[in-house]
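>>> Have a look; sequence and predicted model below, questions after that.
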Amino acid sequence: MSSIDSIPFKPIELADKPIIESFTLRSDCRNCDMSFGNIFCWREHYRSAWAVVDGFLVIRFRIGGGGRLGYMQPLGEGDFTRILPALAADAHRNGQRLRLIGLSDAGCETMRGGDCSEFAFDADRSLADYIYLAEELRTLPGRRFQPKRNHINRFTSEYDYRYEPLVRERFAECMRLEADWRQARAGQGHTAEMGAEQRAMQQAFDHFEELDMSGGCLYVGDRLVAFTYGSPINGDTFDCHVEKADTAYDGAFTMINRLFAEQLPARFRYVNREEDMGLEGLRRSKRSYHPVLLWNKCTAIHLHADERACKALWQEAFGDDDRFVDRFLIRYFDRRNMLSVTEQGRLSAMLHLLPFRSELGRTGYIYGVATAADRRRCGLATRLMHEAIDRARTEGYDALMLIPADEELRRFYARFGFRGACPVRFTSAADFDFGTGSPETDLAAILPLNEEVSLPATLNCRFGRQLSPDE
């Protein structure tokens, strides 16, 4: 346990680079978010701060630039879990719970193996970093890279090109290309993220040399058609922060990627090309370079007492593993939507009334109906079902639905007016399985609450709103 009473976090400054890198460069962390170049250039957006706590570097920031505090996985020698009480106290002083962000697989295992049973864990696939062997990016060897070599051959045969190192005199050209790239994607979503990236790029160009950035430019004639730059994460991994190209020049992305990799110092065995943000086209592109590994980034959230009780009852009733229940708690749990019966300080029964949109209109999904084993057949579930139906009517839902696990439960829910066996498909973040685990058995019983509701042949349900656990 750490005995630190108050952590003296300070804003990220350029002068902090030697101290911060004394931790990052000697670590085995390959998370792009721990490159000092990224930490510094995004510091204003995330309102980042740092401290050394009992021998560990801790970066604190605002998640998504919003109001919630996040703490990156501490870097240092030994077991970082010993400083978690100090971080939890810091979060509590700011009116929040402890959220650890960017945990590596090893970091998750360290916490799961320690005294961290009050945390929930979840990894977002869209935030995983793609890590490549630098030598493979340089040489594009074997049959699996043949499509990339074909792109390069077409580019070299069609264009009179040259490669130049990215230096200060070329920054303005790069910003113009980036502006054109951003304009071409206007209206496609992620506008705020692209604007924040543009501001981070300006920070990089303003302090390029001091940040030990390096990059390259690809020209066709006198026209800049692609550029890239980045900086080290640790002693053997280089991070490509930005890669932009004019897509009118087929193969420009492939060319700049290879040419820049050829210029990297030999000490960098790995290249991190960052995440795909859940964009299918970007995911295909990053996978096409055959990453040697995906660097997962896990979130760990300290659970409140009602969340821990929910998890315990859920697992008693359904037998789901920690990963499944943790994902629900982190992404979808909202205490305002949990109806419960508490007896003598113990959660005896619960259900969740979750908001969806479907062909039925505003649709309430009654989910996770559970009763403690020693309190079953005492009318608790019946009581909660009546409460859920009354609330749904009051809040203007068009219909309620649920998926009975067996015929006995289907008969139980029929007592409340639920009818039918409609096939249902769910759309939700991270493809969370709101069904039974088998689409063939996801047959919903429906209770219309609006006279205009007609029952469709198939229900397509999209989660109405994803809340943070503290909203």
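Ah, there it is. Numbers count the residues shown, from 1 in each chain.
>>> Let me know whether D33 touches G102 as I believe.
Yes: using Cβ atoms under 8 Å as the test, D33 is close enough to G102 to be in contact (5.4 Å). Using the backbone N, CA and C atoms, a C-beta is placed for each residue, glycine as well.
>>> Now do the shared contacts for these two.
Residues touching both D33 and G102 comprise M72, K297, with contact defined as Cβ atoms under 8 Å, 6 or more residues apart in numbering.
>>> Domain map for the chain?
In the assignment given by automatic domain parsing, the structural domains of the chain cover 10-124+297-301, 129-293, 304-463.
>>> What's the separation between M201 and A309?
M201 sits 47 Å away from A309 when distances are taken as Cβ to Cβ, to the nearest Å.
>>> check contacts around D16.
With contacts defined as Cβ under 8 Å, 6+ apart, D16 is in contact with K10, W50.
>>> Kindly recompute the last result at 6 Å.
For D16, no residue counts as a contact, taking Cβ atoms under 6 Å, 6 or more residues apart in numbering as the criterion.
>>> elements contacting the lowest-mean-pLDDT helix or strand in the chain?
Ranked by mean pLDDT, DSSP states H and E, the helix or strand of the chain with the weakest confidence is helix 191-206, at a mean of 84. Counting contacts by 3 or more Cβ pairs under 6 Å, 6 or more residues apart in numbering; DSSP states H and E, helix 191-206 is packed against helix 36-41.
>>> Tell me the buried residues in the helix it packs on?
With burial defined by 16 or more other Cβ atoms under 10 Å, the residues of helix 36-41 counted as buried are F36, G37, N38, I39, F40, C41.
>>> Show me which residues of the helix or strand just after it are buried.
Toward the C-terminus, helix 36-41 is succeeded by helix 43-46 as the next helix or strand (DSSP states H and E). Neighbour counts using 16+ other Cβ under 10 Å place R43, H45, Y46 of helix 43-46 among the buried residues.
>>> Distance check, the second one against M175.
Per Cβ to Cβ, H45 is found 18 Å from M175.
>>> returning to that earlier point: reformat the buried residues of helix 36-41 as TSV; add pLDDT and distance to G67.
Compiled in TSV, the buried residues of helix 36-41 are given as follows (pLDDT from 0 to 100; distance: Cβ to Cβ, whole Å):
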residue	pLDDT	distance to G67
F36	98	25
G37	97	26
N38	97	22
I39	98	20
F40	98	22
C41	97	22
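>>> So what's the residue count around the nearest residue to R287 once chain neighbours are set aside?
Excluding its sequence neighbours, the residue lying closest to R287 (Cβ to Cβ, 6 or more residues apart in numbering) is Y130, at 7.8 Å. Look at Y130: counted by other Cβ atoms under 10 Å, it has 24 neighbours.
>>> what does the model give R185 for pLDDT?
Reported pLDDT at R185 in the predicted model: 67.
>>> Low-confidence stretches in this structure?
Judged by pLDDT under 70, the chain has its weakly predicted residues at 1-5, 185-194, 439, 465-471.
>>> do you know how far R376 is from L313?
If you go by Cβ to Cβ, the gap between R376 and L313 works out to 12 Å.
>>> Among the two, which residue is more densely surrounded?
When R376 is set against L313 and neighbours are counted by other Cβ under 10 Å, the residue ahead is L313, at 21 against 14.
>>> about what we covered before: tell me the secondary structure at the residue nearest to R287.
Y130 carries the three-state label strand when classified by DSSP: H, G, I helix; E, B strand; the rest coil.
>>> ok, now how distant is it from Q73?
19 Å.
>>> Cool, thanks, signing off.
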